[in-house]
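In: show me the folded form of this:
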Amino acid sequence: MRASSTNPSASPAPGTKTFRALPPGIWALGFVSMFMDISSELVHSLLPIFMTTVLGASMLTVGTIEGIAEATAAITKVFSGTVSDYLGKRKLLAVLGYTLSAITKPVFPLASGIGWVFAARFVDRVGKGIRGAPRDALIADLVPPPRRGTAYGLRQALDSAGAFIGPLLAVAFMLWLANNLKAVLWVAVAPAFLAVLLLVVAVREPEHSRRSAEQQNRVTLADMKRLGLRYWLIVVLGAVFTLARFSEAFLILRARDVGLAIGHVPLIMVAMNVVYATFAFPAGIAADRLSARTLLLLGLAVLIVADIALALSASPAPAFAGAALWGLHMALTQGLLSKLVADTAPGPLRGTAFGIFNLVSGVSLLLASVVAGTLWEAFGAATTFVAGAAFATLAMIGLALYRPAADSARG
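Out: Next up, the predicted model:
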C-alpha cells in the first residue's frame with residue numbers, strides 16, 4: 001500500500017470528498033496510528049493504577065509525570081517539525097519517532113520504581129514528539145486543502161479505534177492473567193513494532209514535498225513572519241482548549257475512585273475512544289463544510305457536560321457517560337484544529353507550524369494536569385472536574401464573544 005504523488009493544488013472531482021478519494025498513504029498513516037495507539041493505550045489504561053497501587057505514587061505525582069511527558073512530546077515537535085521542513089523528509093523523522101516509542105514498551109513491565117516509569121514515559125513522548133509534526137505535515141502534503149478535514153478525521157478515527165482496542169485488550173488480558181499488571185503490559189510490545197513496520201513499507205513521501213524543501217533550503221527566523229496572525233490565533237485557541245481539559249489519566253483514576261474493579265478500569269478508556277473513533281471521521285467531513293466556530297463551541301459545550309457528569313459521579317455509570325462525552329468533545333475539536341493549522345500555515349513551514357502549535361498545547365497540558373492533580377489531592381476528585389468545567393465555560397464565552405475583523409472561522 002503506497003501513497004501516490006498527489007498534487008495538493010489539484011481540485012477534487014465532484015462527490016469525492018469521502019474516504020474513497022483519499023490516497024493510500026493516508027490510510028497507511030491511519031493504521032500506523034491505530035497500531036501504535038493499541039500499544040500505547042493498553043499501557044496508559046493500566047499505568048495510573050500501576051503507579052498508584054504497585055509503585056505507591058500519589059495523585060500529584062501521576063499528574064506531574066503525565067503533564068511532563070506530554071509537554072516533552074510537544075517541545076520535541078517544534079524541532080522535528082522544523083527539521084522536516086528543512087530536510088523535506090517527513091517520513092524519516094516519523095519512522096524515528098515511532099521506533100523510539102516502540103522500544104520503550106518493554107520498559108514498563110520491567111519497571112521496579114517510579115523512576116523507570118518516568119524515564120520510559122519521557123522517551124516514549126520524545127518519540128511521539130519526533131513523529132507528530134512531520135506526520136501531520138505529511139498528511140497535508142498528501143491531500144489537497146478541500147480534503148484535509150476528511151484526511152485528518154480519518155487518521156483520528158483510526159487512531160481512536162486503536163485507543164479503544166488497546167484498553168479492551170487490557171481488560172481481556174487482565175481477566176485471563178488474573179490481574180497481573182506486569183504480565184498484561186507485555187502485550188503492548190507487538191503492536192508497537194507492527195506500527196513501525198507498516199510505516200516503513202506502506203508510506204511513500206510525495207515528490208512535491210521534497211522539491212519544496214530543496215527550493216527552500218533552510219528555515220530561518222525571518223520565515224516565522226510568514227506565519228500570519230490567523231495562524232497565531234489558532235495556536236492560542238489550541239492552548240485554551242487544552243487548558244480546559246487535562247490528562248486522560250484522571251478519567252482512569254476517576255473510574256477507580258467511583259468503585260470500578262481494577263480489572264475493568266480500562267473500560268473507561270474504551271467508552272471514551274469508541275465515541276471518539278465513531279465521530280472523528282464525520283466531524284472531519286463537517287470541518288470541510290461547516291463553520292469552525294460552530295464546531296468548536298459545540299465541542300466546548302460537550303466538554304462542560306462531560307466534566308459535570310464526572311464531578312457528580314458516585315457510581316461507574318455516570319462516569320462512563322462523562323468519559324463518552326469527553327470522547328465526543330475530542331472528536332469535534334482535535335481534527336478540526338489540525339486542519340486549521342494546515343490551512344493557515346505556508347507549505348514550506350507546515351512542519352514548523354505544527355511543532356509550535358503542539359508545543360504551546362503541550363505546555364498547557366502540563367499546567368492543566370499539575371493543577372488537576374493538586375486539586376484532586378487537596379479537595380477531592382469532584383473539584384478537579386468542576387474546575388475543568390468552569391474553565392471550559394470561560395473559554396466558550398470568550399470564543400462566542402470574539403469577532404475577528406475578517407471571518408476566519410470557516411475552515
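In: does Val95 touch Leu199 like I think?
Out: Yes. In this structure Val95 lies within contact range of Leu199 using CB atoms under 8 Å: 5.7 Å. C-betas here are computed from N, CA, C, even on glycine.
In: more neighbours: which of these two?
Out: Remark: of Val95 and Leu199, Leu199 carries more neighbours, 24 against 19, as counted by other CB atoms under 10 Å.
In: so what's that one up against?
Out: 28-29, 32, 91, 94-95, 98 (CB atoms under 8 Å, 6 or more residues apart in numbering).
In: I'd like the distance between it and Ala172.
Out: Using CB to CB, to the nearest Å, Leu199 is found at 26 Å from Ala172.
In: save the contacts of Leu199 as TSV, and put in distance to Ser39 and pLDDT too.
Out: Output for those, formatted as TSV (distance: CB to CB, whole Å; pLDDT from 0 to 100):
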residue	distance to Ser39	pLDDT
Ala28	17	89
Leu29	16	91
Val32	11	94
Lys91	20	87
Ala94	16	89
Val95	16	93
Tyr98	10	94
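In: inside strands: which ones of those residues?
Out: Among these, no member is found in strands (DSSP state E).
In: and the residues you listed, which is closest to Ser361?
Out: Ala94 (19.1 Å; CB to CB).
In: how near is the closest one to Thr76?
Out: On the measure of CB to CB, Ala94 and Thr76 end up 13 Å apart.
In: what's the answer for Phe241, then?
Out: Counting by CB to CB, the gap from Phe241 to Thr76 is 21 Å.
In: repeat that for Gly373.
Out: In terms of CB to CB, Gly373 sits 23 Å off from Thr76.
In: could you do Glu377 as well?
Out: 29 Å.
In: what does Gly113 show for phi and psi?
Out: When read as degrees, to the nearest 10, the backbone of Gly113 gives phi -160, psi 170.
In: any idea how far Met51 is from it?
Out: From Gly113 to Met51 the distance is 10 Å (CB to CB).
In: the two - which one has more neighbours?
Out: Legend: neighbour count by other CB under 10 Å for Gly113 and Met51, higher for Met51 (24 against 11).
In: from Val184, how far out is the residue nearest the centre of the chain?
Out: When CA atoms, centre = their mean is applied to the chain, the residue found nearest the centroid is Gln334 (7.4 Å). Going from Gln334 to Val184 by CB to CB gives 28 Å.
In: name the SS class of Ala57, please.
Out: Following DSSP: H, G, I helix; E, B strand; the rest coil, Ala57 is assigned to coil.
In: residues near it, how many?
Out: Ala57 has 21 neighbours, counted by other CB under 10 Å.
In: now the helices: where do they sit in the stretch 251-400 of the chain?
Out: 267-287, 292-312, 316-344, 350-379, 381-401 (DSSP state H, counting those that start in this stretch).
In: now these in CSV, with mean pLDDT?
Out: As requested, the helices of the stretch 251-400 of the chain are exported to CSV (pLDDT from 0 to 100):
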stretch, mean pLDDT
helix 267-287, 85
helix 292-312, 91
helix 316-344, 88
helix 350-379, 83
helix 381-401, 88
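In: quick one: closest of those to Ala69.
Out: Between these, helix 350-379 lies closest to Ala69; by CB to CB that is 8.8 Å.
In: for the closest one, which positions count as buried?
Out: Within helix 350-379, the residues scored as buried using 16 or more other CB atoms under 10 Å are 350-373, 375-376.
In: swap in stretch 299-319?
Out: Neighbour-count burial for stretch 299-319 flags 299-311, 313, 316, 318-319 (criterion: 16+ other CB under 10 Å).
In: over to stretch 65-76?
Out: Along stretch 65-76, these residues count as buried under the neighbour rule (16+ other CB under 10 Å): 65-76.
In: give me the neighbour count for Leu401.
Out: Neighbour count of Leu401, defined by other CB under 10 Å: 7.
In: what of Lys182?
Out: So Lys182, with other CB under 10 Å, has 15 neighbours.
In: again, but for Thr242
Out: Under the neighbour criterion other CB under 10 Å, Thr242 is assigned a count of 23.
In: where along the stretch 1-150 of the chain do the helices fall?
Out: Using DSSP H, counting those that start in this stretch, helices in the stretch 1-150 of the chain cover 24-49, 59-87, 90-104, 107-110, 114-142, 148-176.
In: which residues touch Phe31?
Out: Phe31 sits next to 158, 198, 202 when contact means CB under 8 Å, 6+ apart.
In: top of these by neighbour count?
Out: Leu158 (23 neighbours).
In: that one reaches Met34, doesn't it?
Out: Yes. Contact criterion CB under 8 Å: Leu158 and Met34 qualify, at 4.4 Å.
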